[in-house]
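Asker: I'll drop the sequence and a predicted model, then ask my questions.
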Amino acid sequence: MRRGAQLAAACLLLSACGEAGEGGSQPATVVARHDAGAMPAWLAPDDRTDPALWLAARAAGRLVPAKDPAVARLRAALARAAPRFIKDPRMIANRTAQVLDMLHAAGLPGEAEPILDGLMGIAAAAGARQLYGSLGQHYVNTRIAGAAHRDAVDRLSTKYAPQSLKQP
């Protein structure tokens, strides 16, 4: 009897799952397990995690307290970055993480705060809001080509500076 009840419950669950995904009138139900002790790999559009806290935890390889000085520094850097870029702080944090992943995959050092500051400097030299992802990719390419952080920022600032002359 118990096995029969389990089978019936499984069939009911499976039939309910099929209806939502095939144009049924009910919205799909998503069941997710969230480990409160782990940070997500990326910040989703509906994620309410503080981007600075997420970046600091990612850099530390563990959860960090919200009052950690690294979180405060990253929060300030993201606030300074927001007016320079078209993306919001969540996406800037995600793209910063991608830049760090690409650098580390190439065997190069990198930290979030200097990268944020460097890319902000490049955007400032351009004199217009920029796409953070594009600047980040140019930065990574320049670093992989052999430039140190400061040299990469200086080269890209020079390259992007003529854009400010084109603005009315």
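Answerer: Structure's in. What do you need?

Asker: make it CA atoms for all contacts and neighbour counts henceforth
Answerer: Will do.

Asker: Domain parsing of the chain, as residue ranges.
Answerer: Following automatic domain parsing, one finds the domains of the chain at 1-31, 36-166.

Asker: Please tabulate those in JSON lines, including the columns mean pLDDT and mean neighbour count.
Answerer: Shown next, in JSON lines, are the domains of the chain (pLDDT from 0 to 100; neighbours: other Cα atoms under 10 Å):
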{"stretch": "domain 1-31", "mean pLDDT": "36", "mean neighbour count": "11"}
{"stretch": "domain 36-166", "mean pLDDT": "93", "mean neighbour count": "17"}
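
Asker: Now do the same contact list for the residue lying closest to Arg143 once chain neighbours are set aside.
Answerer: The shortest distance from Arg143 to any non-neighbouring residue, by Cα to Cα, 6 or more residues apart in numbering, is to Ala152 (6.2 Å). By Cα atoms under 8 Å, 6 or more residues apart in numbering, the contact set of Ala152 is Tyr139, Thr142, Arg143.

Asker: ok, now how distant is Ala152 from Ile92?
Answerer: Here Ala152 is placed at a distance of 19 Å from Ile92 (Cα to Cα, to the nearest Å).

Asker: Helices of the chain, residue ranges please.
Answerer: Per DSSP state H, the chain carries helices over the ranges 2-21, 51-60, 69-81, 89-105, 112-126, 132-144, 149-160, 162-166.

Asker: counting contacts, what elements does the fourth one pack onto?
Answerer: Looking back up the chat, that one is helix 89-105. Under the contact criterion of 3 or more Cα pairs under 8 Å, 6 or more residues apart in numbering; DSSP states H and E, helix 89-105 touches helix 51-60, helix 69-81, helix 112-126, helix 132-144.

Asker: hmm, try it at 6 Å
Answerer: Taking 3 or more Cα pairs under 6 Å, 6 or more residues apart in numbering; DSSP states H and E as contact, there are no helices or strands that helix 89-105 lies on.

Asker: do the third one as well
Answerer: Packing partners of helix 69-81 (3+ Cα pairs under 6 Å, 6+ apart): helix 51-60.

Asker: what does the helix it packs on rub up against?
Answerer: The contact list for helix 51-60 (Cα atoms under 6 Å, 6 or more residues apart in numbering) reads Leu63, Val64, Val71, Leu74, Arg75, Arg90, Ala93.

Asker: Okay, the nearest residue to the last one once chain neighbours are set aside and Met91: tell me how far apart.
Answerer: Same thing as Ala93. For Ala93, ignoring the flanking residues on the chain, the nearest one in space by Cα to Cα, 6+ apart is Pro51 at 5.8 Å. Look at Pro51 and Met91: by Cα to Cα, they are 9 Å apart.

Asker: and if you look at Leu156?
Answerer: 21 Å.
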